[in-house]
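Asks: The following block contains a protein sequence and its predicted model.
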Amino acid sequence: VGGGGVEVVVVAFVAFTRFCYYCQSCWGLLVVVVSLYIIASMSRRKVSKLVTVPEEEVVSDFEDEEGNKGGEDSLPVKRAKSNQPLKRKVDKEEKGDGHGVDDYEEDEDDSFLRPSPGSSDRNSYANLGKGNQERKGLGSEPNIFVTSSIDEELGDEEDLFMSQDDDFNMGMLSQTDNTDTRPESAPRATPLLDTSLSNSFDMGIFRAKKRSIHCNIHGLIEVEPALVAIIDTPHFQRLRSLKQLGSSDCVFPGGNHTRFSHCLGVSHLAGVMVDHLIQIDHNTYNITDVDRLCVKIAGLCHDLGHGPFSHTFETFVNRIRKKEQKKLPWEHEHASLQLLDHMLSSDLNGIDLEQYGLTVPEDVNFIKRLITGLEPHDVWPEDMNRPEEKRFLFDIVANKRNGIDVDKLDYFVRDSVSTLGDPPVFCDVQRIMKSCRVCDVDGKAGICFEQKLALSVMDLFRLRAWLHKWVYQHHTANLVEEMVCDVLASANQHFTVRGTNGKPVIISDVVDDMEAFMVTGDWILNAIEASCSEELTEAREIIKRIRCRNLYAALGPAVKLTVGKSRDEIADAILAYALPTKKAAAREDLLVHIVNIDYGSRDDQGNAVSPLGRVHFYNPKVDTEKAFLIDDKQFPDMFMPKSFGERIVYAYCRQERSLSTLIRCFEKWRKDYSANTLLSTGNPQSPGGNRTKLRRHRSMELGKKRSGPLLTVFNADDK
């Protein structure tokens, strides 16, 4: 707009030629005169700073003092909706009088914005705009203020009249001029944060800002400032190095997503469910913003306590603690609470939950309870400063009543997409969440589901069993996890990490030192493999076998257990058939792995039962507040399984020295046990394959001295 006279000349010339061609009159001369007048007026026009006015609307074409309109390239000016002249807001900092009031000045002559008489001329935005115009070769006469059409409307928290904006615009011009002609008296921006190395500051005093994160499962996720403060800590960032499925990526290469993405998804679904409960019941139970924030934080931090290779590390630690005769087993849920306390108390993070509206320690206790869950018959805790009518909030993150929570809804879909490539057809997360509401369950508030979704709920539990059968408890993935446990057990006393005050801590003891636990991750396996220590030779050999796919040999097909026996009891039963001279070596080489698969529900005796016995439903056409159970007999027979769980035992041999002995012992135990042999899903280290390798090896030793058919050579004790 400023000084664009060339375009006007072109338009005038075209108009003149067209008028003269068609009319052969003097209209063309009149067009030339008007065009020259427009050029003269536009030569005096110049572009000023951005402004805003109250009750404004954007006008595409602006008018100057003489009433002329700009062309197509004109920038829109913000005018008042009424016919009142434009007003300019003078901030108290700009005015400089310290009265703390906002002044408006009205120019009745030309209705354009001008500096307030009470404000300093060097602090006025008109003068700042003047400096820009002078550098661009424009005039010095004050003129109208315009705003760019690409500018976004800012909220209350960001003021358009900030010295930082002026400095930003000045900097944009200086990038082209490479000079700074701003006078020394001109105001300069004051940085919001001094990040120089010479100045030290407490990072915790700065409030985190809202953030948007794209999730490959749930799309765009809005993360509140309190959650951002937690995410940007070493305690939470360590989840990036923890695989969600442990060693399952050895079978499903796509299943290498981390606990980091899973926790973000759980937090998002927790917020979605709370919002739905508020909307469907018109917030009858008085769910506050603080309650919603606590539930989202619980979903975000529920897996903080996982160690390397997820559940594999939990198995390893408990085996070591059992050998050391420690009574209390270690659980990752308890470690999540410890790491959460360590995060909030760390001076490095500087997280102050009170600046986000939370109350300490009541809300922190509430978050911890949401992570661990609350059993239906547990007494309502009194240290959370909340009434018992909000008990249903415990059914969102860790549902101890029926097992349907946002944790499972997230990893069912996430794990299916990562490992199998497609989301499960019979797991509509949105539909299940939109069908829930709070009802009276045995005199206590609990989340129930609409009756027509009973089949979908059953499919959800069936999906859980299916994923455990074919993904989580895949025999090859379990075998690799057992080998990883052997690596950690072999390197336990010889590999240390930095703990509190720089103290070295062995692998199994990091659960008792949060400084050491915070730095652990799946990288431990690579560190052991790259180590030069002689004490880690055995561990490195096992890692090499994993890399080369030389896994432990299976002793036979999987066996279904009909009675409850422990891992050690089954191992003793198998070794009972071994000769005394070889029992010691066989015990070291024998590996027994038990897999428990169910629908997520067991009775007091540990037997798998129907999960529908714990899920409450409601009928919106009858009574939305009355909850009831659905009997298995009311469920269609074709969709109701005959059994709801199974226990499977796998047996492996670590070293080839005891392979033949253990195979014979396992076959005898299986026949005497009268167990049913399950259909094998295939194993590259099958017993048949190992027998073939053994025959080939011994044939090479004997040479070609034998005649006739090839005979298998066994030891005397193997007959």
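Replies: In hand now; what should we look at? Numbering: from 1, shown residues only.
Asks: can we go C-alpha only for contacts and neighbour counts from here?
Replies: Fine.
Asks: which stretches of the stretch 301-450 of the chain form helices?
Replies: 311-323, 332-345, 362-372, 406-420, 429-434 (DSSP state H, counting those that start in this stretch).
Asks: Pipe the ones you listed into a markdown table and attach distance to I213, mean neighbour count and mean pLDDT per row.
Replies: Shown next, in a markdown table, are the helices of the stretch 301-450 of the chain (distance: least, C-alpha to C-alpha, whole Å; neighbours: other C-alpha atoms under 10 Å; pLDDT from 0 to 100):
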| stretch | distance to I213 | mean neighbour count | mean pLDDT |
| --- | --- | --- | --- |
| helix 311-323 | 27 | 17 | 93 |
| helix 332-345 | 22 | 19 | 94 |
| helix 362-372 | 23 | 21 | 96 |
| helix 406-420 | 16 | 20 | 95 |
| helix 429-434 | 19 | 16 | 91 |
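Asks: Which of these sits closest to R670?
Replies: Ranking these by proximity to R670 (C-alpha to C-alpha) places helix 311-323 first, at 25.9 Å.
Asks: Output the closest one as PDB - backbone C-alpha positions only.
Replies: What follows is helix 311-323, C-alpha atoms only, in PDB (Å, rounded to 0.1, in the frame of the first residue of the first chain):
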ATOM      1  CA  HIS A 311       7.600 -57.200  33.500                       C
ATOM      2  CA  THR A 312      10.800 -59.200  32.800                       C
ATOM      3  CA  PHE A 313      12.700 -57.100  35.300                       C
ATOM      4  CA  GLU A 314      10.000 -57.600  37.900                       C
ATOM      5  CA  THR A 315      10.400 -61.400  37.500                       C
ATOM      6  CA  PHE A 316      14.100 -61.200  37.800                       C
ATOM      7  CA  VAL A 317      14.000 -59.000  41.000                       C
ATOM      8  CA  ASN A 318      11.500 -61.300  42.700                       C
ATOM      9  CA  ARG A 319      13.600 -64.400  42.000                       C
ATOM     10  CA  ILE A 320      16.600 -62.700  43.500                       C
ATOM     11  CA  ARG A 321      14.600 -61.600  46.600                       C
ATOM     12  CA  LYS A 322      13.300 -65.100  47.000                       C
ATOM     13  CA  LYS A 323      16.800 -66.500  47.100                       C
END
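Asks: so what secondary structure elements neighbour it?
Replies: helix 475-491 (3 or more C-alpha pairs under 8 Å, 6 or more residues apart in numbering; DSSP states H and E).
Asks: For the helix it packs on, which helices and strands make contact with it?
Replies: Counting by 3+ C-alpha pairs under 8 Å, 6+ apart, helix 475-491 packs on helix 311-323, helix 537-547.
Asks: and of those helices, who's closest to V519?
Replies: Taking the helices and strands packed on helix 475-491 one by one with C-alpha to C-alpha, helix 311-323 is closest: 14.2 Å.
Asks: just the angle between that closest one and helix 332-345, please?
Replies: 100 degrees (axes from the mean of the first three to the mean of the last three C-alpha atoms, to 10 degrees).
Asks: what angle sits between helix 311-323 and helix 475-491?
Replies: 50 degrees.
Asks: ok, and what's touching helix 311-323?
Replies: Contacts to helix 311-323, defined as C-alpha atoms under 8 Å, 6 or more residues apart in numbering, come from residues 246, 306-307, 327, 329-332, 481-482, 484-485, 488-489, 508.
Asks: now swap in stretch 537-551 and tell me
Replies: 479-480, 483-484, 486-488, 490-491, 525, 528-529, 685.
Asks: let's see 6 Å
Replies: With contact meaning C-alpha atoms under 6 Å, 6 or more residues apart in numbering, stretch 537-551 is reached by V487, S490, E529.
Asks: Can you report how many residues neighbour the first one?
Replies: Which is V487. When neighbours are defined as other C-alpha atoms under 10 Å, V487 has 22 of them.
Asks: burial count for the nearest residue to it once chain neighbours are set aside?
Replies: Counting by C-alpha to C-alpha, 6 or more residues apart in numbering, V487 lies nearest to A539, which is 4.8 Å off, once chain neighbours are set aside. Number of residues near A539 (other C-alpha under 10 Å) recorded here: 21.
Asks: hang on, the earlier thing: need the helices of the stretch 301-450 of the chain in JSON lines with distance to Q473, can you?
Replies: Output for those, formatted as JSON lines (distance: least, C-alpha to C-alpha, whole Å):
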{"stretch": "helix 311-323", "distance to Q473": "12"}
{"stretch": "helix 332-345", "distance to Q473": "19"}
{"stretch": "helix 362-372", "distance to Q473": "24"}
{"stretch": "helix 406-420", "distance to Q473": "13"}
{"stretch": "helix 429-434", "distance to Q473": "23"}
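Asks: Relative to I38, tell me which of those wins on proximity.
Replies: helix 429-434 (61.8 Å).
Asks: where does V595 fall, helix, sheet strand or coil?
Replies: strand (DSSP: H, G, I helix; E, B strand; the rest coil).
Asks: For the stretch 451-600 of the chain, which segments count as helices?
Replies: Going by DSSP H, counting those that start in this stretch, the stretch 451-600 of the chain shows helices at 454-467, 475-491, 514-517, 523-530, 537-547, 567-575, 580-589.
Asks: Looking at the ones you listed, which one is packed in the most?
Replies: helix 514-517 (a mean of 23; mean count of other C-alpha atoms under 10 Å).
Asks: List the contacts of that helix.
Replies: Counting by C-alpha under 6 Å, 6+ apart, R498, G499, T500, V510, V511 sit against helix 514-517.
Asks: Show me where the stretch 551-700 of the chain dips below the pLDDT cut-off.
Replies: 674-700 (pLDDT under 70).
Asks: buried sites along stretch 627-646?
Replies: Within stretch 627-646, the residues scored as buried using 16 or more other C-alpha atoms under 10 Å are A627, F628, F644, G645.
Asks: ok, so of those residues, who is nearest H593?
Replies: G645 (16.8 Å).
Asks: which residues does the closest one bridge with?
Replies: D598 (DSSP bridges).
Asks: between the helices and strands packed on helix 475-491, which one is nearest to G606?
Replies: Here helix 311-323 is closest among the helices and strands packed on helix 475-491 (C-alpha to C-alpha), at 19.7 Å.
Asks: rewinding a little: going by distance to L420, which of the contacts of stretch 537-551 wins?
Replies: Distances from L420 to those, taken by C-alpha to C-alpha, are shortest for V487, at 28.7 Å.
Asks: State the pLDDT value of that closest one.
Replies: At V487, the model reports a pLDDT of 97.
Asks: now K719
Replies: pLDDT at K719 comes out at 37.
Asks: just the buried members of the contacts of helix 514-517?
Replies: Counted by 16+ other C-alpha under 10 Å, the contacts of helix 514-517 give R498, G499, V510, V511 as buried.
Asks: could I get these as CSV with pLDDT and distance to Q237?
Replies: Formatted as CSV, the buried ones among the contacts of helix 514-517 follow (pLDDT from 0 to 100; distance: C-alpha to C-alpha, whole Å):
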residue, pLDDT, distance to Q237
R498, 95, 18
G499, 94, 18
V510, 95, 18
V511, 94, 18
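Asks: a markdown table for the residues you listed, including distance to G373?
Replies: Shown next, in a markdown table, are the buried ones among the contacts of helix 514-517 (distance: C-alpha to C-alpha, whole Å):
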| residue | distance to G373 |
| --- | --- |
| R498 | 32 |
| G499 | 30 |
| V510 | 25 |
| V511 | 21 |
